[in-house]
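sequence first, then the predicted structure:
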Amino acid sequence: MKIAVTHENGNIFQHFGHTEEFKVYEVNDGKILSSEIILPTEGGHGALSGFLKSHGVSTLICGGIGGGARIALAEAGIDLYPGAQGNCDDAVKALIEGKLVYQPDIQCNHHHEEGHNCNHKCGEDKHGCGGNH
């Protein structure tokens, strides 16, 4: 099984649609066999979901994600664990152990202004997430 994580400086990047790199893990029998950084050739939720599918990814761990991206990933058959934070390696280990902390209902539904990167906490949001980030 391949698990992808939105990646930036070792941590989970907080906006799927603007992800510049993924860390992809090969997992078998509950163990991480290998990992690599892959760089998508195009951005946006449709292109990114197709890119992940073409790399054999079956599961995605990410931070914030919009409705269109959720649909594109579902259509690609990729299981989604959104609303996760912290170190990528730790998140994959936690997922394997059934202990990943994530927010299944999180949904980014606001317009992204230049410089806005979804690294805010929804309770403190001033950008229109309305707690549904």
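Yep, it's here.

how far does the lowest-mean-pLDDT helix or strand in the chain sit from its chain's centre?
Within the chain, no helix or strand scores below helix 45-54, which has a mean of 90 by mean pLDDT, DSSP states H and E. Computed by C-alpha atoms, centre = their mean, to the nearest Å, the chain-centroid distance of helix 45-54 equals 12 Å.

how about it: buried residues?
Within helix 45-54, the residues that count as buried by 16 or more other C-beta atoms under 10 Å are His45, Gly46, Leu48, Ser49, Gly50, Phe51, Leu52, Lys53. All C-beta spots, glycine's among them, are computed from the backbone N, C-alpha and C.

cool, stretch 5-17 as well?
Neighbour-count burial for stretch 5-17 flags Val5, Thr6, His7, Glu8, Asn11, Ile12, Phe13, Gln14, His15, Phe16, Gly17 (criterion: 16+ other C-beta under 10 Å).

stretch 83-100 too?
Buried-residue list, stretch 83-100, by 16+ other C-beta under 10 Å: Gly83, Ala84, Cys88, Ala91, Val92, Lys93, Ala94, Leu95, Ile96, Leu100.

repeat that for stretch 50-69.
When burial is assessed from 16+ other C-beta under 10 Å, stretch 50-69 yields the following buried residues: 50-53, 57, 59-66, 69.

let's see which of these end up in helices.
Gly50, Phe51, Leu52, Lys53, Ala69 (DSSP state H).

and those residues, which two are the farthest apart?
Using C-beta to C-beta, the two most remote members of these are Lys53 and Ala69, lying 13.1 Å apart.
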